[in-house]
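[1] predicted structure and sequence below. I'll ask about it afterward.
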Amino acid sequence: MPKSYESVSCAKVSAKDIEILLIDDDQSYCRLVKMALARAGQPARFAVQSAGSLAEGLKYLNSRSFDLVLLDLGLPDSFGLETFDRVHSACPDISVVMVTGLEDLKISVEAIQKGASDYLVKGADSLTDILVRTILYALERKRAEEMLRLSEKNFRNIINNSADAIIVTDQKGLILFANPAAEAFFGWRSQELLGKDFEYPVDVGRTAEMEVTRKCGGKALAELRAVETTWQGKAARLVSLRDITARKAAERKMA
């Protein structure tokens, strides 16, 4: 088992250390990274734990929490994209910055496409500035992604509990989502609606009344509204339909 290098805490400039796991078997580079982070100063402080193999790194990840992993692609017990895949599978919510040589740059780009936050090229000048900036940007990007996920989760919770039938479509009108109220209104299960064309005219920003055909063949009157939104990162339309069948029947009786 490769030797685990000592932990290094940087000068205190913030309330909480940014916990870094450096997985790299190059002891010289590990020392450079630790010295660079130790003299970084504002706006953050760092606590660095290093491991000389993937197995040792995964053991650390399973035993304690880290904010970010600096990951060498070429380790004694793992090489290339598989190295990232194993770390990402073990801790998908942790930011991972690839540490690479120029010869592995293509693999680093592929890792970013699979979820890595960024990459650093060994031997780059101004290591301290580049290293700190890359770490802070990666953490900020991860926080932004998490906020977006929370926002989408809250958004889904709201529309799932809405009394109105709500349909989300893409820009071409294909249904991407249907809430429980939409299932009850149309008589179709959500799985049956997904991927189908929303056949009713949608005029974004305006309210319209229209007759809707249900699965059973019956008719209903709906008040339809639509707004532009995003869904899973892409432009979409949120269509709400309020069942006004009973209200219209009552109005006709009163007329």
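    Thanks, I have it.
[2] which residues touch the residue nearest to residue 80 when sequence neighbours are not counted?
    Here the nearest residue to residue 80 in space, its sequence neighbours aside, is residue 107; by Cβ to Cβ, 6 or more residues apart in numbering that works out to 5.5 Å. For the C-beta atoms, the positions are set from N, CA and C on the backbone; glycine is no exception. For residue 107, the contacting residues are 73, 80-81, 98, 100, by Cβ atoms under 8 Å, 6 or more residues apart in numbering.
[3] then residue 248?
    Residues near residue 248 by Cβ under 8 Å, 6+ apart: residue 221.
[4] what about the residue most central in space within the chain, which helix or strand?
    Per Cα atoms, centre = their mean, the C-alpha nearest to the average position across the chain is that of residue 145, at 4.6 Å. When secondary structure is defined by DSSP states H and E, residue 145 falls within helix 127-160.
[5] who does the helix or strand following that helix pair up with?
    With elements assigned by DSSP H and E, the helix or strand that comes after helix 127-160 is strand 165-170. Next to strand 165-170 in the sheet, as set by DSSP bridges, lie strand 175-178 (antiparallel), strand 234-243 (antiparallel).
[6] tell me how far the first one lies from the chain's centre.
    Read that as strand 175-178. Taking the mean of its C-alpha atoms, strand 175-178 sits 20 Å from the chain's own mean (Cα atoms, centre = their mean, to the nearest Å).
[7] repeat that for the last one.
    For strand 234-243, the distance from its own C-alpha centre to the chain's C-alpha centre is 23 Å (Cα atoms, centre = their mean).
[8] if I take that strand and helix 127-160, what angle do their directions form?
    Relative orientation of strand 234-243 and helix 127-160, computed by axes from the mean of the first three to the mean of the last three Cα atoms, to 10 degrees: 20 degrees.
[9] where does the stretch 51-200 of the chain dip in pLDDT?
    Low-confidence regions of the stretch 51-200 of the chain, defined by pLDDT under 70, span residues 102-103, 124-126, 148.
[10] returning to that earlier point: buried residues in the helix holding residue 145?
    Of the residues in helix 127-160, those buried under the neighbour-count criterion (16 or more other Cβ atoms under 10 Å) are 127-128, 131-132, 134-135, 138-139, 142, 159.
[11] and that helix, what does it pack against?
    Using 3 or more Cβ pairs under 8 Å, 6 or more residues apart in numbering; DSSP states H and E as the contact criterion, the elements in contact with helix 127-160 are strand 18-23, helix 27-38, strand 68-72, strand 95-100, strand 118-121.
[12] kindly recompute the last result at 7 Å.
    Contacting helix 127-160 under the criterion 3 or more Cβ pairs under 7 Å, 6 or more residues apart in numbering; DSSP states H and E are the following elements: helix 27-38, strand 68-72, strand 95-100, strand 118-121.
[13] give me the buried subset of the contacts of residue 107.
    Neighbour-count burial (16+ other Cβ under 10 Å) applied to the contacts of residue 107 gives 73, 81, 98, 100.
[14] quick one: which of the residues you listed is nearest residue 40?
    Using Cβ to Cβ, the shortest approach to residue 40 within the buried ones among the contacts of residue 107 belongs to residue 98, at 20.0 Å.
[15] mind checking how far that closest one is from residue 108?
    Per Cβ to Cβ, to the nearest Å, residue 98 is found 4 Å from residue 108.
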